[in-house]
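Trainee: Got a sequence here, can you build the structure:
(2 chains)
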Number of protein chains: 2
Amino acid sequence: MPAQQVVYVERGALLQEAIEAAGIPLALPCGGQGRCGRCIVVVQEGQVRRRSVARLTPQEVEQGYALACQTLVEGDLVVYVPPQEERIVRLEVGLAAEKEAPEVVVCEHEQAPWVAKCHLKVDPPSLADNTTDFERLQRELVRQHGITGLVASLPIMRKLAGALRAEDWEVTAVVEKGTWASSQGPPRLVDIRPGDTTEHTLGLAIDIGTTTNVVYLVDLQSKALLGRASAYNGQISCGEDVISRIIYSQRPGGLEHLQQLVLNTLNGLIDELLAAHGASPEDVYFATVAGNPTMIHLFLGLDPRHIRLEPHIPTVNHPPPVRAGELGLRIHPEATVDCLPGVGAYVGADITAGVLRSRMSEEEPITLFIDVGTNGELVLGNKDWLISCACSAGPAFEGSGVVSGMRATVGAIQEVWINPQTFEPTYETIGNAPPKGICGSGMISLLGEMFITGVIDKSGHVNRSLDTPRVREGPGGGEYVVAWAAETEDKKRDIVLTEVDIQNLLRAKAAIYAGMNVLATSVGLELEDIERILIGGAFGKYIDIEKAIEIGLLPDMPWDRFAYLGNTSVQGAYLCLLCPEHRAMVREIASKMTYLELSADNSFMNAFTSALFLPHTDLEQFPSVREKLRNVERLGGS
Amino acid sequence: MPAQQVVYVERGALLQEAIEAAGIPLALPCGGQGRCGRCIVVVQEGQVRRRSVARLTPQEVEQGYALACQTLVEGDLVVYVPPQEERIVRLEVGLAAEKEAPEVVVCEHEQAPWVAKCHLKVDPPSLADNTTDFERLQRELVRQHGITGLVASLPIMRKLAGALRAEDWEVTAVVEKGTWASSQGPPRLVDIRPGDTTEHTLGLAIDIGTTTNVVYLVDLQSKALLGRASAYNGQISCGEDVISRIIYSQRPGGLEHLQQLVLNTLNGLIDELLAAHGASPEDVYFATVAGNPTMIHLFLGLDPRHIRLEPHIPTVNHPPPVRAGELGLRIHPEATVDCLPGVGAYVGADITAGVLRSRMSEEEPITLFIDVGTNGELVLGNKDWLISCACSAGPAFEGSGVVSGMRATVGAIQEVWINPQTFEPTYETIGNAPPKGICGSGMISLLGEMFITGVIDKSGHVNRSLDTPRVREGPGGGEYVVAWAAETEDKKRDIVLTEVDIQNLLRAKAAIYAGMNVLATSVGLELEDIERILIGGAFGKYIDIEKAIEIGLLPDMPWDRFAYLGNTSVQGAYLCLLCPEHRAMVREIASKMTYLELSADNSFMNAFTSALFLPHTDLEQFPSVREKLRNVERLGGS
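Mentor: Below is the predicted model:
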């Protein structure tokens, strides 16, 4: 099916052989080893025996799904062979469903929002009632909205007399709950407008990633997420990672320049979102900001130099709330910009926000939270305790320090399969465009395949004795050609992964795995005691867990212990924007979290060295990978 | 004595006649009526009978002082006749002692000052103690100074890392008690400096008068007053009184211009004071400001328009504390500028500060506090209640609207006596310089003399039938010549007081007297129930109580019920600068004080009309003046 072709094969033959015999094309990117799931078919009638159900859910097996390369014919069958596109689409949809966490987390608290618009009809003054404008407004806010002790800054005080009289003593007061020193202070008048303008009460949740900046536009009253926008952090032109940004900030004017660059990026995103929703900057009254400590320092214009220098001391973990006007963020100048708290030099508001979003600090199970962005940060704990560390993974997975590396944009190779007999690769690119380079998920995929198929050994050295033009000696030592120049977009250069690239990737993955080990050990646990692993961060979304385990980036555990949470940093900021209760929680998370400085920990170096192999010096820690290596051998791989 | 001359006169003769007989010159400015006190002598031996002891204290009488024109010879005498200069000096010194209240009021509270410099030796960070800079500072402030919950603004946060490391973790933290919403809020880091710089911790008390601005420079730690400076408010070029300033503020850019003018004046005074004490603007960490509501609005850049328009509504009575940098006041940009609270459109912080200074709100006696500046404000009450009003007296007493009027500077005629027989005047000028014009005290003095000697009648009309060239018909009706052009500085114009001038002065004094009446009536009191009258304000200092009673500006009461307090506005600001307790008190005074809007009060018009006469329609209210008029008649005045 669906072509209604009939073929005859021996009992015990592979379904794959029967389909081939029927002349139906069926690509086997993994060489028919049941690894890639691309030969999926549906057995509509008859008996089969499945050698492997890898990549199939129990429901799918029950519905007759089978891998053609792993399924034996037991009798007469009716088999539906989906067109190749459909198979790929099914996988991608499945993958997407699996990987895309709901970006719109829900605030379950009933709390009033940070900023409320209060519509007021004010009794006009008279000689008999000559209370001042401000005290009159205060009086009406008590009477009509129960808001006591309102304060106002000078710029708003200057607008007051005009606003009250412009529409005959009907006004809309924009009032913010006190935020200074964590929601203590008195309520504050953020703006006063003539008439009834309660329509727009907007806020922003902002994630300042080293690479990507994300802005959520939110209706503070309805708690609705109106829109999202993201763009590369404009600071990339001054360095790809936090260390190079810090170095840049030490030039004359460097700090101011970096601050302006990120403000430009954010203001661009804000303009885009506001234009799309017919709103103006003056309608945005509150912003929460998450990001790593260096990003937050640069955003606030704080010198980040001592984050880099031992003993790695930020100026502040809990920055004060700032007025948008003071900062240059293009929203209402009186709006509070509230940077969420961090914990240490490399564990910042992105992580505390992520922990808030993950809920791990409210629940019983021992959880490992991983944020893999330009750096790798880890938090281990549960509702009773939290310990964190940062692994200087470096930007290899983000495409930096890798010859053919690139960020995850159109044309990036994101998934690779290598045929263990021919060593020919099959790859997929983002947008199915001609390849331009390899992004992080592609590197993990490629590294795993090269290792499993024996293109490289466990030290990452290329096996030069293989009989394939794909393996060759390049300027940087041995290398493997993923795509020939002719296939690429610009037709100029082969896309390769070199031994130097591989060593960079091994160091990155080793740093993260070693971090997990040291973190667990520091609290007397083994990795297997971890009940679940939650993956956040911009890059985390693209990690294929299977491949990540193959290369020893993630510990070898049943896949159901892993979950993807997407960009946890912006989601945490979003929760804090919706509700002061969440803001208090993230503050508590920051206060509760221990920060383990790995550079001060000798055991880290040992763990790191042991993890510099594929998947690890100690293969016992990766039983599923060992099994896979055996299968490849059994099935005739090199 | 001291010339040892001997003369013989009949028993019962006037001492004055004896002295004349001895050939000693003895000027009698008041015509020998015992009014001016200029013929003072000392009876060293022998018996005399004193008809009047006006202008002499009981102590002086006991010591033998006597008025030559009012003292009868009863037998042989030894009389010391001081040289004329000495007599004048004695009067001036006495006057000064009487009028000059101690400008340096004392703060009796033991409270810590608003701003404290905390010298700290901070433990340097290490990998084992990697607390951030700010949290480390917070920790040390708790440990070493018991200061908890410190907050800091972004500009100071930006200095922190550098300051801590500049002198090996020895710093001086400048910490302000919370002032937002009346000393609630958390302590705030105003500045952080490397090393031990606890020396200068300065503050300013500022009085923004419509005419004169005064600045006190204060050491906040020792509570010592380091210096005072004053200058005319630069806004005078845009109008002499608050109404003309408000009108000016409505021009395009007018408000900003007025704000800049007063800032220029204040910044000039601050520079002068700081230069004199070898301090820099960055050493000044706090400022309290008093002034009338219009002055405070202009200072803060708040539109004062509705203060002028009925129903006379200021934007705010309790302005928020402002950062000096936000305002443009040239002290530390993070310093709090705290404008004291007002009560109504024309009863402002100058009055609440004055009441604080007067202590009337802490004591039992029913007290009337009068602040006569460009306007006249009155407060009646005691520790249980306070009621206030503003009388639009206008600037006549400040020299505006009076042909020969001028402010109280060198060359201003400040005291006048008229001989009731010849109608020739004797005057004194400030600095004993040739006369240029007449200042407020001169006008009160002149008006009183003209009335007592019959140059004008009780309606203020000039008696044209008098046989003297001093009385004549001028372009503005009848007028009296105080000084001929030849005597004046520029020798160009006679210095006169015209009937138009007199009407302006009558309206001014009537407004104040009527205000007192209405205020007392509104709480069911008569003027004679007032137990004391305290006079403050820039102009108050120069009012001669006797003359002020003569013209019906002040109620006819024993002189010992009056006291001068000097510039009560700046003194109140000074108390609030020294001590948060006083700041809380002035807030309570403002909250407690009822504001009576006279333009909404019908009885005011009646009282005003009755007071448009000299001293008043109802002479019964001024028994001492009636007595004086009788004496003048008896002694042969017109």
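Trainee: switch to C-alpha atoms for all contacts and neighbour counts from now on
Mentor: OK.
Trainee: What about A:Leu217, how many residues nearby?
Mentor: A:Leu217 has 24 neighbours, counted by other Cα atoms under 10 Å in any protein chain shown.
Trainee: Tell me which helix or strand the nearest residue to A:Val81 once chain neighbours are set aside sits in.
Mentor: If the residues on either side of it in the chain are set aside, A:Val81 comes closest to A:Val41, at 5.0 Å by Cα to Cα, 6 or more residues apart in numbering or on different chains. Secondary-structure assignment from DSSP states H and E places A:Val41 in strand A:40-45.
Trainee: Surely the residue nearest to A:Val81 touches A:Ala66?
Mentor: Yes. Contact between A:Val41 and A:Ala66 holds when scored by Cα atoms under 8 Å: they sit 5.5 Å apart.
Trainee: out of those two, which sits in the busier spot?
Mentor: For A:Val41 against A:Ala66, the residue with the higher neighbour count under other Cα under 10 Å is A:Ala66, and the figures read 29 against 24.
Trainee: Can you tell me the SS state at the more buried one?
Mentor: A:Ala66 falls in the strand class when you classify it by DSSP: H, G, I helix; E, B strand; the rest coil.
Trainee: Enumerate the residues of chain A near chain B.
Mentor: Taking Cα under 8 Å from any Cα of the partner chain as the criterion, chain A approaches chain B at residues A:125-128, A:130-135, A:149, A:151-154, A:157-158, A:160-161, A:181, A:185-186, A:300-303, A:306, A:310-317, A:320, A:322, A:344, A:597, A:600.
Trainee: Just the buried residues of these.
Mentor: Of all these considered here, the ones buried according to neighbour count by 16 or more other Cα atoms under 10 Å in any protein chain shown are A:125, A:127, A:130-135, A:151-154, A:157-158, A:160-161, A:181, A:185-186, A:300-303, A:306, A:311-317, A:320, A:322, A:344, A:597.
Trainee: Now, the residues you listed that are in helices?
Mentor: Using DSSP state H, the subset of these located in helices is A:Asp133, A:Phe134, A:Glu135, A:Leu154, A:Met157, A:Arg158, A:Leu160, A:Ala161, A:Ala181, A:Leu300, A:His306.
Trainee: List just the nearest of these to A:Arg143.
Mentor: Comparing those against A:Arg143 with Cα to Cα picks out A:Glu135 as the nearest, at 12.3 Å.
Trainee: quick one, what contacts the nearest residue to the closest one once chain neighbours are set aside?
Mentor: The shortest distance from A:Glu135 to any residue other than its chain neighbours is 6.6 Å, reached at B:Val316 (Cα to Cα, 6+ apart). Contacts of B:Val316 were listed using Cα atoms under 8 Å, 6 or more residues apart in numbering or on different chains, and they are A:Thr132, A:Asp133, A:Phe134, A:Glu135.
Trainee: Surely the first one touches B:His318?
Mentor: No. In this structure, A:Thr132 is not within contact of B:His318 by Cα under 8 Å, at 9.5 Å.
Trainee: who does whatever residue of the stretch 351-500 of chain A ends up closest to chain B bridge with?
Mentor: When Cα to the nearest Cα is the measure, the stretch 351-500 of chain A has its nearest residue to chain B at A:Cys389, with 13.2 Å between them. Here A:Cys389 sits in beta bridges with A:Leu378, going by DSSP bridges.
Trainee: Just give me the neighbour total for it.
Mentor: Applying other Cα under 10 Å, we find 25 residues neighbouring A:Cys389.
Trainee: tell me the pLDDT at it?
Mentor: For A:Cys389, the model assigns a pLDDT of 94.
Trainee: Now do it against B:Ile246, distance only.
Mentor: When Cα to Cα, to the nearest Å is applied, the distance between A:Cys389 and B:Ile246 equals 62 Å.
Trainee: now A:Gly34
Mentor: Using Cα to Cα, we find A:Gly34 at a distance of 87 Å from B:Ile246.
Trainee: Now do the helices in the stretch 151-300 of chain A.
Mentor: With DSSP state H, counting those that start in this stretch as the definition, the stretch 151-300 of chain A shows helices at residue ranges A:154-166, A:180-183, A:242-249, A:254-276, A:293-300.
Trainee: Name all residues that make contact with A:Val42.
Mentor: Residues A:Gln63, A:Gly64, A:Tyr65, A:Ala66, A:Val79, A:Tyr80, A:Val81 are the ones in contact with A:Val42 under the rule Cα under 8 Å, 6+ apart.
Trainee: if I pick the third one, what's in contact with it?
Mentor: Neighbour list for A:Tyr65: A:Ile40, A:Val41, A:Val42, A:Val43, A:Leu56 [criterion: Cα under 8 Å, 6+ apart].
Trainee: hmm, 7 Å instead?
Mentor: Contact partners of A:Tyr65, counting by Cα atoms under 7 Å, 6 or more residues apart in numbering or on different chains, are A:Ile40, A:Val41, A:Val42, A:Val43.
Trainee: who does it bridge with?
Mentor: Taking DSSP bridges as the rule, A:Tyr65 bridges to A:Val42.
Trainee: want to throw the helices of the stretch 151-300 of chain A into a markdown table with mean pLDDT?
Mentor: Listed next are these as a markdown table, based on pLDDT from 0 to 100:
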| stretch | mean pLDDT |
| --- | --- |
| helix A:154-166 | 96 |
| helix A:180-183 | 42 |
| helix A:242-249 | 94 |
| helix A:254-276 | 97 |
| helix A:293-300 | 98 |
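Trainee: tell me the most buried of these?
Mentor: When neighbours are counted by mean count of other Cα atoms under 10 Å in any protein chain shown, the highest per-stretch mean among these falls to helix A:293-300, a mean of 26.
Trainee: Output that helix as PDB, restricted to C-alpha atoms.
Mentor: Presented in PDB, the C-alpha positions along helix A:293-300 are these (Å, rounded to 0.1, in the frame of the first residue of the first chain):
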ATOM      1  CA  PRO A 293      25.500  38.000  35.300                       C
ATOM      2  CA  THR A 294      27.800  39.400  32.600                       C
ATOM      3  CA  MET A 295      24.800  40.200  30.400                       C
ATOM      4  CA  ILE A 296      23.000  41.800  33.300                       C
ATOM      5  CA  HIS A 297      26.100  43.800  34.200                       C
ATOM      6  CA  LEU A 298      26.500  45.100  30.700                       C
ATOM      7  CA  PHE A 299      22.800  45.800  30.400                       C
ATOM      8  CA  LEU A 300      23.000  48.000  33.500                       C
END
